[in-house]
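A.B. asks: just coords:
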């Protein structure tokens, strides 16, 4: 472990990579637009890095853990970021909507933090729409979240969520329209609240033609006043394509460089960060039992189909030659697919049984789910006013009793649930929530 006291002269930049802690004893520092004065302590976790600028001659003490390090330089791209941000914020009329685009580990969250801090320090009413559903900071992963700032902050995670919009997955590839709709909805809500500056932090999918088109569509429907695109090695061609697509429109596009100090995170580190966020939102959670007849349950396609009643289910079981212990507890028909939920681990359906089933029901597909398949599925909780108010997951569904059990920290009256495709595991001993992968029908 390294311990050092250093003097940081005015204008110098201290670059740090975690794990590391810094204590300011004299002077003043700027961290992502945040102005720090003594007494002040800043902890940089192992998956983060920062460029810290001295407002004046300052004294700091540093404690660096294993792999934590720092160096002092005369200048950094973050100084240029500050100048660009201040100019845009001061020279554009309000309300002002700003969008940040870039690949993973390009510094999007850092620049969003800097923009929002400078905006607050200039006296503007400021909000952030966090649309990075895979590495969400303000809300839990799988959600687009609106946060309204009351003061400056060192991290987007310090901003309290004001409003949620559930996407249900951590990858944007197949849900881009839903993602754009959520961004537009939360941006409009911020402007309705008379927010003067809205900063939109987008997801890190910016590789390939589909990603470029997705970002163009996001700009098209959101119509930000200024779009910041962070240039990083490996994304130059995507930036050129986006510029070409926007050339015939009156879009204010600002290309800025990625900082050298941005720490790239492994897939395991990214997953660990998501799990820390899930854990935070499941604190004080409890199991709640709800009647399926009194709430709306969305996201499970088979629930919208024609329910197969008990006598018909017995006939289906005979056609499929199911063993007696493999009781069908639920069945439905939708989109030429028969869904069956049964009480048994493994069921084998032979070709002859499928032929007989199709003689009765036509050319349908058959999907058999084992009872308990639903445990852990992430969901969004809706209150009676159709507002998304909390994250949760399904503990179990009892189709025979028409009951669903969920785990959530929300204590109020529930009107509905929207189910996503991520499965979570809640450790009752530690309260830690872990991802178990993705699931789909």
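C.D. replies: Here it is on my side, so go on. Predicted, not measured: the structure shown is a model, and the values here were computed from it.
A.B. asks: Check which element follows the longest helix anywhere in the chain along the chain.
C.D. replies: Longest helix in the chain by number of residues, with DSSP state H as the criterion: helix 176-192. Proceeding C-terminally, helix 176-192 gives way to strand 197-201 as the next helix or strand, assigned by DSSP states H and E.
A.B. asks: Parallel or antiparallel, list what pairs with that next one.
C.D. replies: Strand 197-201 has the following sheet partners, assigned by DSSP bridges: strand 96-101 (parallel), strand 126-130 (parallel).
A.B. asks: Can you pull out the low-pLDDT segments for the protein?
C.D. replies: 345 (pLDDT under 70).
A.B. asks: Which residue ranges of it form helices?
C.D. replies: Remark: helices assigned in the chain by DSSP H are 77-91, 108-121, 176-192, 209-222, 236-246, 267-281, 310-319, 351-361.
A.B. asks: Pick the most buried one from the ones you listed.
C.D. replies: Neighbour counts (mean count of other CB atoms under 10 Å) averaged over each of the helices of the chain peak at helix 108-121, with a mean of 25. Yep, even glycine has a C-beta here, placed from its N, CA and C like the rest.
A.B. asks: Remind me what that one packs against, helices and strands.
C.D. replies: The elements that helix 108-121 packs onto, with contact taken as 3 or more CB pairs under 8 Å, 6 or more residues apart in numbering; DSSP states H and E, are strand 34-36, helix 77-91, strand 96-101, strand 126-130, strand 197-201, strand 226-231.
A.B. asks: for the shortest one, packing partners?
C.D. replies: Spelled out, it's strand 34-36. Checked by 3+ CB pairs under 8 Å, 6+ apart, strand 34-36 has strand 29-31, helix 108-121 packed alongside it.
A.B. asks: Identify the residues contacting the residue most central in space within the chain.
C.D. replies: Note on the chain: the residue nearest the mean C-alpha position is residue 133, at 2.3 Å, using CA atoms, centre = their mean. By CB atoms under 8 Å, 6 or more residues apart in numbering, residue 133 lies in contact with 141, 142, 143, 144, 167, 169, 170, 171, 172, 179, 203.
A.B. asks: so which of these is the most crowded?
C.D. replies: Among these, the one with the most neighbours (other CB atoms under 10 Å) is residue 144, at 32 neighbours.
A.B. asks: how far away is that residue from residue 103?
C.D. replies: Counting by CB to CB, to the nearest Å, the separation of residue 144 from residue 103 is 19 Å.
A.B. asks: what do you get for residue 306?
C.D. replies: Taking CB to CB as the measure, residue 306 and residue 103 are separated by 46 Å.
A.B. asks: ok, those two, which is more surrounded?
C.D. replies: Neighbours were counted for residue 306 and for residue 103 using other CB under 10 Å; residue 103 has more, 21 against 11.
A.B. asks: My guess is residue 330 contacts residue 343. True?
C.D. replies: No. Taking contact to mean CB atoms under 8 Å, the distance of 10.5 Å between residue 330 and residue 343 leaves them out of contact.
A.B. asks: which one of these two has more residues nearby?
C.D. replies: Using other CB under 10 Å, the more surrounded residue of residue 330 and residue 343 is residue 330, with 20 against 12.
A.B. asks: what residues are up against the more buried one?
C.D. replies: With contacts defined as CB under 8 Å, 6+ apart, the neighbours of residue 330 are 307, 339, 340, 341, 399, 400.
A.B. asks: Now tabulate the residues you listed in CSV and tack on distance to residue 246.
C.D. replies: Output for the contacts of residue 330, formatted as CSV (distance: CB to CB, whole Å):
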residue, distance to residue 246
307, 49
339, 45
340, 50
341, 49
399, 50
400, 56
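A.B. asks: Inside strands: which ones of those residues?
C.D. replies: Cross-referencing the contacts of residue 330 with the strands (criterion: DSSP state E) gives 307, 339, 340, 341 as the overlap.
A.B. asks: picking up where we left off before, for the contacts of residue 133, which one is nearest residue 15?
C.D. replies: Looking at the contacts of residue 133 and their distance to residue 15, the nearest is residue 203, at 26.4 Å (CB to CB).
A.B. asks: Report the contact partners of the closest one.
C.D. replies: Shown here is residue 203, whose contacts under the criterion CB under 8 Å, 6+ apart are 131, 132, 133, 134, 172, 179.
A.B. asks: rerun that using 10 Å as the cut-off
C.D. replies: The neighbours of residue 203, taking CB atoms under 10 Å, 6 or more residues apart in numbering as the test, are 101-102, 104, 108, 130-136, 144, 167, 170-173, 176, 179, 211, 214-215, 218.
A.B. asks: what's the answer for residue 208, then?
C.D. replies: Applying CB under 10 Å, 6+ apart, one finds that residue 208 lies in contact with 214, 237, 238, 241.
A.B. asks: Quick check: the third one touching residue 209?
C.D. replies: Meaning residue 238. Yes. Assessed by CB atoms under 10 Å, residue 238 is found in contact with residue 209 at 8.5 Å.
A.B. asks: gap between residue 261 and residue 18?
C.D. replies: As for residue 261, its distance to residue 18 is 11 Å (criterion: CB to CB).
A.B. asks: would you list the contacts of residue 133 in TSV and tack on distance to residue 40?
C.D. replies: As requested, those are exported to TSV (distance: CB to CB, whole Å):
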residue	distance to residue 40
141	30
142	34
143	31
144	32
167	36
169	38
170	34
171	38
172	37
179	37
203	32
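A.B. asks: Show me the residues you listed that map onto strands.
C.D. replies: Per DSSP E, the subset of the contacts of residue 133 in strands is 143, 144.
A.B. asks: ok, the contacts of residue 133 vs residue 404, which is closest?
C.D. replies: Closest approach between these and residue 404, by CB to CB: residue 142, at 19.0 Å.
A.B. asks: Could you tell me how far the closest one is located from residue 268?
C.D. replies: From residue 142 to residue 268 the distance is 19 Å (CB to CB).
A.B. asks: Whichever strand in the chain runs longest packs against which elements?
C.D. replies: Scanning the chain for the longest strand, with DSSP E as the assignment, gives strand 414-426. Under the contact definition 3 or more CB pairs under 10 Å, 6 or more residues apart in numbering; DSSP states H and E, strand 414-426 sits against strand 161-166, helix 267-281, strand 286-291, strand 296-298, strand 377-383, strand 388-398, strand 403-408, strand 433-438.
A.B. asks: 8 Å - rerun?
C.D. replies: Contacts of strand 414-426 with other secondary structure elements, assessed using 3+ CB pairs under 8 Å, 6+ apart, are made with strand 286-291, strand 296-298, strand 377-383, strand 388-398, strand 403-408, strand 433-438.
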